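Peer 1: only the shape, not the letters, is given here:
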């Protein structure tokens, strides 16, 4: 096979897995890393962190492939997705299925090094990842389902470290659901007109003219639930400073989405990396105050 053909095929696989757009990996990674720090009281083992980091990359990539398989009939009709590898016939459906299967099997092999409860939860996580693309056909709020799928690394992290999932883990997962509804509604606002034409469900369509208000309400609920979790865990003031920074980022997002400009809505979506990072830094500084003392 010609070397240029191989390069083009590898490039198509990378784009199919969205490795050229790491925002999705980061949106999964920040809550998972927070959960690992909290569950281990700031001292997760390097091996567990590496397993979760690699598993996050693999499962997000597999999820993107499965999503594109499910949406292959529609992506060519949507302005933002019409140049993806499947609608452009750069990758066949058979190749996409094999790629998603391979990524999932490697992720499961990594999880098999952890305890039995984590392995069982990983099966449920795989089910959520596989079924999420289908929810856009009938569920008026697929973003909420996405929040569960994207946040399932939280209970898995607690299970991996403590061999059980405490109530605070489910509280953190609930916060992640509201955050996902906020950022993925911003994302859906970009595609709303196309989604209406082809009959895809989304929170942006469901919220209608109240979309901006709903996004901000979801941000506020996320922050309230995270504050409650901090109180429950008796986290220090630096954690709440992280929440304050996250709140300021959400207010900036309001300034971006209130006019419903497609490019600004997409910028707001991308900015959620900084929201997640702010929360993570607050958690990290609580458990490692010596890092905070460098700034004092």
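Peer 2: Ah, there it is. All figures in this text were calculated on a predicted structure; none of them were measured in a lab.

Peer 1: pLDDT below threshold where in the protein?
Peer 2: In the predicted model, the chain carries pLDDT under 70 at residues 1, 74-79, 81, 290-296.

Peer 1: residues touching the residue nearest to residue 245 when sequence neighbours are not counted, list them.
Peer 2: Excluding its sequence neighbours, the residue lying closest to residue 245 (CB to CB, 6 or more residues apart in numbering) is residue 278, at 4.0 Å. The C-beta positions use only the backbone N, C-alpha and C, and glycine is treated the same way. Shown in contact with residue 278 (CB atoms under 8 Å, 6 or more residues apart in numbering): 242, 243, 245, 246, 249.

Peer 1: burial count for the third one?
Peer 2: Counted with other CB atoms under 10 Å, the neighbours of residue 245 add up to 16.

Peer 1: ditto for the one 10 residues further on
Peer 2: By other CB under 10 Å, the residues close to residue 255 number 10.

Peer 1: just checking, what packs against the host helix or strand of it?
Peer 2: If you go by DSSP states H and E, residue 255 is part of helix 237-257. Contacts defined by 3 or more CB pairs under 8 Å, 6 or more residues apart in numbering; DSSP states H and E place helix 237-257 against helix 167-198, helix 211-233, helix 262-270, helix 272-287.

Peer 1: will you turn those helices into CSV that also has distance to residue 153?
Peer 2: CSV is the format used below for those (distance: least, CB to CB, whole Å):
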stretch, distance to residue 153
helix 167-198, 9
helix 211-233, 16
helix 262-270, 20
helix 272-287, 12
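
Peer 1: residue 90: which of those is closest?
Peer 2: helix 167-198 (21.1 Å; CB to CB).

Peer 1: list the buried residues in the closest one.
Peer 2: 168-169, 171-192, 194-195 (16 or more other CB atoms under 10 Å).

Peer 1: so how far is residue 59 from residue 50?
Peer 2: Look at residue 50 and residue 59: by CB to CB, to the nearest Å, they are 15 Å apart.

Peer 1: more neighbours, those two?
Peer 2: residue 59 (28 against 12).

Peer 1: what about that one, which helix or strand?
Peer 2: helix 46-70.

Peer 1: now that helix: buried residues?
Peer 2: 48-49, 51-53, 55-70.

Peer 1: now do the same for the closest residue to residue 139 other than its chain neighbours: helix, strand or coil?
Peer 2: Nearest non-adjacent residue to residue 139, counting by CB to CB, 6+ apart: residue 201, 6.0 Å away. Secondary structure, DSSP: H, G, I helix; E, B strand; the rest coil: residue 201 is coil.

Peer 1: how about the contacts made by residue 185?
Peer 2: Applying CB under 8 Å, 6+ apart to residue 185 gives the contacts 143, 202, 203, 204, 207, 211, 214, 215, 218.

Peer 1: give me the distance between the nearest residue to it once chain neighbours are set aside and residue 114.
Peer 2: Spatially, and ignoring its direct neighbours in sequence, residue 185 is nearest to residue 203 (4.5 Å; CB to CB, 6+ apart). Distance from residue 203 to residue 114, counting by CB to CB: 33 Å.

Peer 1: before we move on, the earlier item: now the residue nearest to residue 245: how far from residue 235?
Peer 2: According to CB to CB, residue 278 stands 14 Å off from residue 235.

Peer 1: cool, residue 56 as well?
Peer 2: Here the criterion is CB to CB. By it, residue 56 lies 23 Å from residue 235.

Peer 1: swap in residue 224?
Peer 2: For residue 224, the distance to residue 235 (CB to CB) stands at 15 Å.
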